[in-house]
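Colleague: Sequence first, then the predicted structure:
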Amino acid sequence: MSPDPYGTRALRDAVLTAWAASPARLREDANAEEDHARGWYRDRVVVELAQNAADAAVRAREPGDLTLELRTDGARTLLVATNTGEPLDAAGVAALASLRASAKRDHADAVGRFGVGFAAVRSVADDVAVLTPTGAVHFSLAATRRTLADLTATRGDGTGVPDGERAALADEVARRGAWLPVLRLPFEGPGGLTVPAPTAGTRVALLLRDAAAVAGVRAQLDALDDALLLALPGLTRVTVRTPAGERTLTDVGDRWWVARRSGTFGDGVLTGRPVEEQTRTGWQVAWAVPRDGEAPRVVHAPTPTDEPCSVPALLVASFPLDPSRRHVAPGAATDALVAEAGRTWGDLVRSLHRAGADDGAPHPLDLLPAALPAGDLDAALCSAVRAAVRDAAVLIPAAGGPAVAP
């Protein structure tokens, strides 16, 4: 087996050459990584690992199985995610070591499409290893710092970085402290994380940085529920192990009424969206109503956004997002998906009507939004839902006969 099966040395050399030629590039990469890790993806590391697992399963055309384990290794605490499906390959490693260059752009069914989700690992870890049956790579703050120290060292033979650029690069490294662009420099092997390689699929191990990181990851694990499987249908089972015990999420269809639709955007709908996004013309919409309990009151696209939803059901749809990945971007694509959400709601209420109260199904009229809309998107969704119910035959006349529309 090659000691560097994923070509990490070539990836590092290319990045280091760019940084040496322009220290501003290091600053740019560091700021971008920090923006994602400490800002937009600060509380999403578990969801992002699950999303990658779902995509791996879809590419392999097999049921997705993900295990998330919080384990102790002496005084250290690790988050270890192990998933089935297509293992990480060289293109995937190159994508992990970049920002906004996803290896999934040609996979129409992939959930991950922005090329930035893996940056979430930096919100909780300075050491990350990715292992497959055929090799491993790791990202390390300490290794990155050592590499940069060597790059900026004065060389008696006159080779290496010119003095002026060396001083500028060394100054920028000193200014960054712990927030160097760790994910730009992949290294071969698992590094200091003594985690065995999986027999199939991919394993990701994160050495959690401190007590705050451990508490944050534990809270994310505790919060995982059926919404994850509904949003990521490529996953059929998720097992969560923590010191408090083990639980498994599976058979989500037994606990929810679900209606789904999918299709392709018409000509011109994606005009104005980013170039790579315009090539992903497929769309998906799903509404889900729990048989017991309450649904999350935020839109999922497909993972949670910060967009409120007053409809008492879970909405999962492939809405275009803004750069923060937390808000839906307005425009023609969003308008088209709101209309499809209305049609899908019509499918849902008709299925609930057929199931009836004997099967525990709620009456469709009981699912109408009661609160004032909490924003433009919420208002549009509420309007689409009400319109769908007006046209659905869900009322039983007192005198008998077929159901009629409200």
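Modeller: Thanks, I have it.

Colleague: The nearest residue to residue 266 once chain neighbours are set aside: what's it in contact with?
Modeller: Once flanking residues are discounted, residue 266 sits nearest to residue 336: 7.4 Å by Cβ to Cβ, 6 or more residues apart in numbering. No exception for glycine: its C-beta is placed from N, CA and C like everyone else's. Taking Cβ atoms under 8 Å, 6 or more residues apart in numbering, we find residue 336 in contact with 265-266, 269, 283.

Colleague: same deal with residue 256?
Modeller: Here residue 256 is in contact with 226, 230, 288-291, 314 (criterion: Cβ under 8 Å, 6+ apart).

Colleague: Same question for residue 288.
Modeller: Residue 288 touches 230, 256-259, 295, 313-314, 316, counting by Cβ under 8 Å, 6+ apart.

Colleague: do the same with residue 382
Modeller: 310-311, 369, 373.

Colleague: Would you list the buried entries among the residues you listed?
Modeller: Buried by 16 or more other Cβ atoms under 10 Å: 310-311, 369, 373, out of the contacts of residue 382.

Colleague: close enough to count as contact, residue 60 and residue 84?
Modeller: Yes. Between residue 60 and residue 84 there is a contact at 7.4 Å, judged by Cβ atoms under 8 Å.

Colleague: and the contacts of residue 288, which of them are in strands?
Modeller: Per DSSP state E, strands hold the following members of those: 256-259, 314, 316.

Colleague: picking up where we left off before, please list only the buried members of the contacts of residue 256.
Modeller: By neighbour count, with 16+ other Cβ under 10 Å, the contacts of residue 256 hold 226, 230, 288-290, 314 as buried.

Colleague: What is the neighbour count of the nearest residue to residue 47 once chain neighbours are set aside?
Modeller: Nearest non-adjacent residue to residue 47, counting by Cβ to Cβ, 6+ apart: residue 303, 5.0 Å away. Other residues near residue 303 number 20, with proximity taken as other Cβ atoms under 10 Å.

Colleague: Tell me the backbone dihedrals of residue 303, please.
Modeller: Residue 303 adopts backbone torsions of phi -90, psi 170, taken as degrees, to the nearest 10.

Colleague: circling back: which of residue 60 and residue 84 has more residues huddled nearby?
Modeller: residue 84 (22 against 16).

Colleague: Could you double-check that the more buried one lies in contact with residue 200?
Modeller: Yes. In this structure, residue 84 is within contact of residue 200 by Cβ under 8 Å, at 6.4 Å.

Colleague: related to what we said a few turns ago, just flag the most distant two among the buried ones among the contacts of residue 256.
Modeller: 226 and 289 (11.5 Å; Cβ to Cβ).

Colleague: Show me which positions of the biggest helix by length in the chain end up buried.
Modeller: The single longest helix within the chain, with elements called by DSSP state H, is helix 332-355. Within helix 332-355, the residues that count as buried by 16+ other Cβ under 10 Å are 332-334, 336-338, 340-342, 344-350, 352-353.

Colleague: and the angle for whichever helix or strand comes after that helix with helix 332-355?
Modeller: With elements assigned by DSSP states H and E, the helix or strand that comes after helix 332-355 is helix 376-390. Computed with axes from the mean of the first three to the mean of the last three Cα atoms, to 10 degrees, the direction of helix 376-390 lies at 40 degrees from that of helix 332-355.

Colleague: Show the average pLDDT along helix 376-390.
Modeller: Here helix 376-390 scores 95 as its mean pLDDT.

Colleague: So which bits of that helix are buried?
Modeller: So, applying 16+ other Cβ under 10 Å, buried residues of helix 376-390: 377-378, 380-382, 384-385, 388-389.

Colleague: now do stretch 55-72
Modeller: 55-60, 64-70.

Colleague: Need the max-distance pair from those residues.
Modeller: Across the buried residues of stretch 55-72, no pair lies farther apart than 59 and 70, at 27.1 Å, counting by Cβ to Cβ.

Colleague: excluding its backbone neighbours, what's nearest residue 26?
Modeller: Distance criterion Cβ to Cβ, 6+ apart; nearest residue to residue 26, sequence neighbours excluded, is residue 19 at 4.3 Å.
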